[in-house]
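J.: Here is the input, now give the coordinates:
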Amino acid sequence: MKDYYQLLGVSQQASKEEIEQAILQQMRVWTHRINAPTLTKRQEAERMVEELEQIKEILLDDEKRKQYDQELEKSRKLSVVDDKKQQRETKEEEEADQKEIESKEQTSSEPVFQDQTVSSDDQTAEKSEEEESKERQTEVQKKDTEPPSSQPVVQQPIKEEQTKPSPRLKKGWMVGLVLVAIVIASVVTLFALQGGFGISSGKATPLSLNQPVVIDNKYILTLKDIRKQGNRTSFKLSIKPTDQEREVYQNTAKNKEFLQKMLDSGQVEKRADLVDFVQKPIFKIELHLEDSSGNQMVKMDTTQASYTTAKASGDMEEVFEWSIANLPDSSHVMVIDMISRFVMKEDISKNLSGQTVIKGEEMISHYQERFELPRP
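T.: From the prediction side, this is the model:
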């Protein structure tokens, strides 16, 4: 059974306030790691955030905490019993091993006569080899004294070791071929991802109007509109967080609204960075359009789009609209390359000099999500 107190770094007698503060501190750490560059680290962070929510639900409820403490105490007692049993078994195994070692030592101390027999056999073999060597030398001397015409020309057989490659050489060749194959595959994959060779990097998911799609369990994208007017094609794309990301997003949105009111009322100085913060969207998107062959046609981001914020069913939603000139009348694929969001680490505050301070971080995630757009 997991010890939640140990995980939070507090004692079992800690007050509710201490536990709540510890949970909040851990939540900030793991929420920040949800946007880690590797899938394994992101999954670990998501698992820890879920576990912290569970800890919060148990330890901040008096009845549930009391029941958990009782179960934890039982688990600790069972753990102590298991430890003693393990120690006893380990000791018995060590004693058995020691007896086996002593038995082997006694066996090895007895005299062994096999070496003498082997030595005698070796001497006999050496003697036989010397006699055979003398006979071969005698035959060679006889052949040397005969006339050249009487000596038949004998072609010596080629030694197998000279023609057969060594196992080490064969292994080296195999490793080299595998490395070359890996490099070639990597280059082909890289070019495919970047649109090289005219190859698309994956099958596109058909996208219909007002049909929400979820990306990475973090973002909900919806195609609001797509139309053609003259030589220009425009389309609207909305983005909002999923339920598990909503709390972090809404905290940032509330701080933006609060700062906007303070700026409008003149309570804070209209510094460029503060004005920029309230006017810019929280989300940023980078994407590009491809034709049916996978060739990149146009690259866009949210800085080139008109931007509005709408409230729908209590969820903050940001809508972006792009207008593109001279887009061919054919099927197009929209590829989402990057989504980022600004996350407030702390509420808006003032430093020692009395200046308003915004503490936050832009969380960036890279993708290759492909969607087939409907014809306008």
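J.: Can you pull the poorly scored residue ranges out of the protein?
T.: Residues of the chain meeting the criterion pLDDT under 70: 79-85, 104-176, 178, 180, 183, 185-202, 310-316, 345-354, 356-357, 359-360.
J.: where do the strands sit along it?
T.: Counting by DSSP state E, one finds strands in the chain at the ranges 205-206, 213-215, 219-229, 232-241, 283-290, 296-301, 306-312, 315-325, 332-344, 349-350, 356-357, 360-373.
J.: Who are the packing partners of the first one?
T.: In terms of contact count using 3 or more C-beta pairs under 8 Å, 6 or more residues apart in numbering; DSSP states H and E, strand 205-206 is assigned the packing partners strand 360-373. Heads up, the C-betas are built off the backbone N, CA and C, glycines and all.
J.: residue contacts, Val275?
T.: Listed by C-beta atoms under 8 Å, 6 or more residues apart in numbering, the contact partners of Val275 are Leu263.
J.: Distance check, it against Leu259.
T.: 9 Å (C-beta to C-beta, to the nearest Å).
J.: Repeat that for Arg375.
T.: Arg375 sits 42 Å away from Leu259, taking C-beta to C-beta as the criterion.
J.: count of neighbours near Ile358?
T.: A count of nearby residues for Ile358, using other C-beta atoms under 10 Å, gives 19.
J.: ok, and what's touching stretch 364-376?
T.: Here stretch 364-376 has contacts from 35, 193, 200-209, 213, 215-216, 218, 223, 226-228, 233, 235, 289, 329, 331-340, using C-beta under 8 Å, 6+ apart.
J.: burial measure for the closest residue in space to Leu237 that isn't next to it in sequence, as a count.
T.: Distances taken as C-beta to C-beta, 6 or more residues apart in numbering put Phe320 closest to Leu237, at 5.4 Å, once the chain neighbours are dropped. Per other C-beta under 10 Å, the neighbour tally for Phe320 reads 24.
J.: And for Leu373?
T.: Leu373 has 19 nearby residues by other C-beta under 10 Å.
J.: wait, doesn't Leu259 sit right on Lys270?
T.: No: in this structure, Leu259 is not within contact of Lys270 by C-beta atoms under 8 Å, at 10.7 Å.
J.: Tell me which of those two has more neighbours.
T.: It is Leu259, of Leu259 and Lys270, that has more neighbours when counted by other C-beta under 10 Å, with 19 against 10.
J.: Tell me the bridge partners for Met300.
T.: Met300 has these beta-bridge partners by DSSP bridges: Leu287.
J.: mind listing what it touches?
T.: 286-289, 322, 324.
J.: can you check Asp273 too?
T.: Ile358.
J.: Out of the contacts of Met300, give me the two with the largest separation.
T.: Glu286 and Ile324 (15.3 Å; C-beta to C-beta).
J.: that older thread, buried subset of the contacts of stretch 364-376?
T.: 35, 200-201, 204, 207, 215-216, 218, 223, 226, 233, 235, 289, 332-336, 339-340 (16 or more other C-beta atoms under 10 Å).
J.: Glu51 and Glu57, how far apart?
T.: 11 Å.
J.: Specify which residue of those two has the higher count of neighbours.
T.: Glu51 (15 against 10).
J.: Just give me the neighbour total for the closest residue to Glu57 other than its chain neighbours.
T.: Using C-beta to C-beta, 6+ apart and skipping residues adjacent in sequence, the residue nearest Glu57 is Lys64, 7.1 Å away. The number of residues packed near Lys64 is 12, by other C-beta under 10 Å.
J.: hang on, isn't Lys64 packed against Ile58?
T.: Yes: between Lys64 and Ile58 there is a contact under C-beta under 8 Å: 4.7 Å.
J.: about what we covered before: the residue nearest to Leu237 bridge partners, please.
T.: The partner residues for Phe320, given DSSP bridges, come to Leu237, Tyr307.
J.: can you tell me which residues contact it?
T.: Neighbours of Phe320 in contact, by C-beta under 8 Å, 6+ apart: 236-239, 281, 285, 302, 305-307.
J.: swap in Asp69?
T.: Contacts of Asp69 (C-beta under 8 Å, 6+ apart): Gln12.
J.: rerun that using 10 Å as the cut-off
T.: 5, 12, 58-59 (C-beta atoms under 10 Å, 6 or more residues apart in numbering).
J.: ranking those residues by neighbours, who comes first?
T.: Leu59 (23 neighbours).
J.: looking at it, that one is touching Glu17, isn't it?
T.: No: at 11.7 Å, Leu59 does not count as touching Glu17 under the criterion of C-beta atoms under 10 Å.
J.: ok, back up a step: among the contacts of Asp69, name the ones in helices.
T.: By the criterion of DSSP state H, membership of the contacts of Asp69 in helices covers 5, 58-59.
J.: Include distance to His366 when you put the residues you listed into CSV, please.
T.: Output for those, formatted as CSV (distance: C-beta to C-beta, whole Å):
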residue, distance to His366
Tyr5, 38
Ile58, 37
Leu59, 37
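J.: Closest to Leu179 out of those?
T.: Tyr5 (51.0 Å).
J.: and the closest residue to Lys218 other than its chain neighbours, what does it touch?
T.: Nearest residue to Lys218, sequence neighbours excluded (C-beta to C-beta, 6+ apart): Glu245, at 5.2 Å. If you count contacts by C-beta under 10 Å, 6+ apart, Glu245 has them with 31, 34, 216-220, 341, 343.
J.: which parts of stretch 277-289 are buried?
T.: For stretch 277-289, the neighbour count (16+ other C-beta under 10 Å) marks 277-278, 281-289 as buried.
J.: Asp97: neighbour count?
T.: 10.
J.: residues in contact with it?
T.: Counted by C-beta under 10 Å, 6+ apart, Asp97 has zero contacts.
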